[in-house]
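>>> Predicted model and sequence below, questions to follow.
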Amino acid sequence: MMADCQSWIFSKDFQATRWNIVEIGVEEGPDQSVGIDVPPSDVLYAYKSGQIHRAAMNADPLHLCEIIRLGADMNLKDSNGLTALQLAMECLLCSALISSNQLKRIRFIARTLIEQHVDIDYTPNTLTPLHSACLARDWELIELLLHHGARTTTPGLRHPADLLTSASDKERFRSLEKSPKTRPPQPCPCWSGKLLADCHAVDQPYPDTFYCICGSKRQYGKCCKKRGKLYFHRWNTAERYLKVKFQYDLGDALQLLGGRGSTQEIADAQMISMPRKFLPSETLSEEETRRFLERIRDGMQPKGLIEPAYGYAMQKLQFLPR
């Protein structure tokens, strides 16, 4: 599929872009406007779009997947009001002008966006994605859109089936239209191959091999993680992107050590605060955890910072107060 194309993600420009997106102290995000590699013209002079539009226009599926993983708004509109899905669908209408490999990449982009639960009914012009699929007579995408619940009636627009020329095609569409529809679950945008519900719907450890968000341009596993900073990824349902979270700070519990805690004690405190599923095998044993929490409890309880019942529960259930 990529035989005649070099993805932009391997360029030095995108390397710098990725660093800026990942680094928490830089305001550049995955939806920042970018230029598009097209010949200059008066028509396109004021055109503004995001990384996700560039991926669609350049038929670059690797760029699309990477920018989605980095948190791009999959329903972002360009200055013409078009989403990446609509750009991809409009490209399908020019199939006679593009190579077969390019066509495969465009279909992949459209399919990926649909499966990621983008808005498939948004209409800034006279065509919905379903209308475009019918005009292109692309049955794979027609069936996928209908399976994902695409509307077949839009006020002011013709019925999509009217854009199909043959009676057999119209009949095929009507048959698909009548099938019961429940939108399939969303695949996880981390591209693990799992469904979102089975993956980043809950906290997952930030991968050691990813760039550290501190801006060092080093891998997280060789940077902040070694200093005890624990990052996690989780899907933000409201904003629809994978959000990096900071968790399991020590707070008052560590301050009880008077700032004199050893590096091991700091690491122990962090590990105790973590869900057991994230603990490596060499972390504290049950007995070591009990003794450590006992020290914390005995430091907080006499100062009135916690109630005796809370201290008992803290040690019994193995958690640190926040």
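All right, it came through fine. Numbers count the residues shown, from 1 in each chain.

>>> Name the helix or strand for M74, please.
Assessed by DSSP states H and E, M74 sits outside every helix and strand.

>>> before we move on, what about K245?
strand 241-246.

>>> name the helices or strands packed onto that strand?
Applying 3 or more Cβ pairs under 8 Å, 6 or more residues apart in numbering; DSSP states H and E, one finds that strand 241-246 contacts strand 231-236. Where C-beta positions appear, they are placed from N, C-alpha and C, glycine not excepted.

>>> What residues of the strand it packs on count as buried?
Going by neighbour count (16 or more other Cβ atoms under 10 Å), the buried part of strand 231-236 is Y231, F232, H233, R234, W235.

>>> now T126, nearest residue through space, not along the chain?
L157 (6.4 Å; Cβ to Cβ, 6 or more residues apart in numbering).

>>> Neighbours of that neighbour, how many?
Counted with other Cβ atoms under 10 Å, residues neighbouring L157 total 17.

>>> again with H53
Number of residues near H53 (other Cβ under 10 Å) recorded here: 28.

>>> Surely it touches L76?
Yes: counting by Cβ atoms under 8 Å, H53 touches L76, with 7.3 Å between them.

>>> who touches both of these two?
Counting by Cβ atoms under 8 Å, 6 or more residues apart in numbering, the common neighbours of H53 and L76 are A84.

>>> in the stretch 201-322 of the chain, which spans are helices?
Secondary structure of the stretch 201-322 of the chain (DSSP state H, counting those that start in this stretch): helices at 252-255, 263-273, 286-300, 308-317.

>>> distance between the last one and the chain's centre?
What that stands for is helix 308-317. 38 Å (Cα atoms, centre = their mean, to the nearest Å).

>>> What is that helix packed up against?
Judged by 3+ Cβ pairs under 8 Å, 6+ apart, the packing partners of helix 308-317 are helix 286-300.

>>> quick one, domains of this protein?
Residue ranges for the domains of the chain, per automatic domain parsing: 8-178, 187-247, 248-322.

>>> can I get the ones you listed in CSV with mean pLDDT?
Below are the domains of the chain laid out as CSV (pLDDT from 0 to 100):
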stretch, mean pLDDT
domain 8-178, 88
domain 187-247, 89
domain 248-322, 59
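
>>> deepest of those domains, which one?
Stretch with highest mean neighbour count among the domains of the chain: domain 8-178 (a mean of 17; mean count of other Cβ atoms under 10 Å).

>>> now that one, how far from the centre of its chain.
Here domain 8-178 shows a centroid-to-chain-centroid distance of 17 Å under the convention Cα atoms, centre = their mean.

>>> what about that domain, how long is it end to end?
41 Å (Cα to Cα, to the nearest Å).

>>> Stretch 210-221 too?
OK, stretch 210-221 end separation, Cα to Cα: 8 Å.

>>> what's that stretch in contact with?
18-19, 22-26, 206-209, 223-225, 229, 231, 244.

>>> can we see that at 7 Å?
Residues outside stretch 210-221 that contact it (Cβ atoms under 7 Å, 6 or more residues apart in numbering) are 18-19, 22-25, 206, 208-209, 223-224, 231, 244.

>>> Return the closest of those residues with respect to D162.
Closest approach between the contacts of stretch 210-221 and D162, by Cβ to Cβ: R18, at 44.5 Å.

>>> Name the SS class of that closest one, please.
Secondary structure, DSSP: H, G, I helix; E, B strand; the rest coil: R18 is helix.

>>> what separates it from C223, distance-wise?
Using Cβ to Cβ, to the nearest Å, one gets 15 Å for the distance from R18 to C223.

>>> ok, which stretches of the stretch 51-200 of the chain are helices?
With DSSP H, counting those that start in this stretch as the criterion, the stretch 51-200 of the chain has helices spanning 51-57, 61-69, 84-92, 100-115, 129-135, 139-147, 167-178.

>>> now those in JSON lines, with distance to Y310?
Compiled in JSON lines, the helices of the stretch 51-200 of the chain are given as follows (distance: least, Cβ to Cβ, whole Å):
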{"stretch": "helix 51-57", "distance to Y310": "48"}
{"stretch": "helix 61-69", "distance to Y310": "41"}
{"stretch": "helix 84-92", "distance to Y310": "51"}
{"stretch": "helix 100-115", "distance to Y310": "46"}
{"stretch": "helix 129-135", "distance to Y310": "55"}
{"stretch": "helix 139-147", "distance to Y310": "52"}
{"stretch": "helix 167-178", "distance to Y310": "59"}
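
>>> among those helices, which is nearest G299?
If you check each of those against G299 by Cβ to Cβ, helix 61-69 wins as the nearest, at 42.8 Å.

>>> Identify all contacting residues around the closest one.
The contact list for helix 61-69, computed with Cβ under 7 Å, 6+ apart, reads 7-9, 30, 51-52, 54-56, 74, 105, 108-109, 112, 116, 189-191, 242.

>>> Repeat the analysis, applying 8 Å as the threshold.
1-2, 7-9, 14, 18, 30, 51-52, 54-56, 74, 84, 105, 108-109, 112-113, 116, 189-191, 242.

>>> mind listing what the residue nearest to T126 touches?
T123, T126, L127, T128, H131.

>>> from these, which single one is nearest C199?
C199 lies nearest to T128 out of these, by Cβ to Cβ, at 30.1 Å.

>>> All set now, cheers.
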